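Colleague: Based on what follows, work out the 3D shape:
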Amino acid sequence: MSFNFMALGLATAVSFFGGFFWYSVLFSKPWMKALGIKREDVDGSGLSILRAVSASVVASAATAIGIMVLFSYIQPSSWGLAALFGAGIWFCFSINAMFKMIFWEDRPAILFFIDSGFELFSVVMASLIIYGLS
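Modeller: Modelled structure (predicted):
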């Protein structure tokens, strides 16, 4: 198995910046409404941006590493298969955990769709980047 640092860095960056765009531009208002918060609540919450950014980067890198390991065994032979495997990873791992938590935490369904939609984007993009740079 070869470890591609460029693919790791790019997949992590796309996930991080994609998340920024997803949650601050595309779905900011419905996401905050589903959580029952306002922008002022976030600004005055004492949330450590450094800690949140670090956690996002580590989680994105861990996902990219997992995809690299998986792809070293299954070796997708096309862009379509790489995207399909990414969607399969999302379906088997990401969406299931999120689906359970929506019910356990009694959260609105829209939150599930916003969050799981981003995870699908993130995992498929990481899969395509890793395939393309391998």
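Colleague: right, and the helix or strand after the lowest-mean-pLDDT helix or strand in the chain?
Modeller: None of the helices or strands of the chain scores lower by mean pLDDT, DSSP states H and E than helix 39-43, at a mean of 71. The helix or strand immediately downstream of helix 39-43 is helix 49-74, counting by DSSP states H and E.
Colleague: helices or strands next to that following helix in the packing?
Modeller: Packing partners of helix 49-74 (3 or more CB pairs under 8 Å, 6 or more residues apart in numbering; DSSP states H and E): helix 5-21, helix 79-89, helix 109-132. For the C-beta atoms, the positions are set from N, CA and C on the backbone; glycine is no exception.
Colleague: in the chain, which ranges drop under the pLDDT threshold?
Modeller: Applying pLDDT under 70 to the chain picks out residues 1, 41-47.
Colleague: Leu35: which of the helices and strands packed on helix 49-74 is closest?
Modeller: Closest of the helices and strands packed on helix 49-74 to Leu35 is helix 109-132, at 6.8 Å (criterion: CB to CB).
Colleague: just the angle between the closest one and helix 79-89, please?
Modeller: 140 degrees (axes from the mean of the first three to the mean of the last three CA atoms, to 10 degrees).
Colleague: Alpha carbons of helix 109-132, in CSV - could you do that?
Modeller: Written as CSV, here are the backbone C-alpha positions of helix 109-132 (Å, rounded to 0.1, in the frame of the first residue of the first chain):
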residue,chain,number,x,y,z
ALA,A,109,-35.2,15.2,10.4
ILE,A,110,-33.9,18.2,8.4
LEU,A,111,-30.7,18.1,10.5
PHE,A,112,-30.2,14.5,9.5
PHE,A,113,-30.5,15.5,5.8
ILE,A,114,-28.2,18.5,6.1
ASP,A,115,-25.5,16.6,8.1
SER,A,116,-25.7,13.3,6.1
GLY,A,117,-25.7,15.2,2.8
PHE,A,118,-22.5,16.9,3.8
GLU,A,119,-20.9,13.6,4.8
LEU,A,120,-21.9,12.1,1.4
PHE,A,121,-20.3,15.0,-0.4
SER,A,122,-17.2,14.7,1.8
VAL,A,123,-16.6,11.0,1.5
VAL,A,124,-17.4,10.8,-2.3
MET,A,125,-15.0,13.8,-2.9
ALA,A,126,-12.3,12.2,-0.8
SER,A,127,-12.8,8.9,-2.7
LEU,A,128,-12.5,10.7,-6.1
ILE,A,129,-9.4,12.7,-5.0
ILE,A,130,-7.7,9.6,-3.7
TYR,A,131,-8.5,7.6,-6.8
GLY,A,132,-7.4,10.4,-9.1
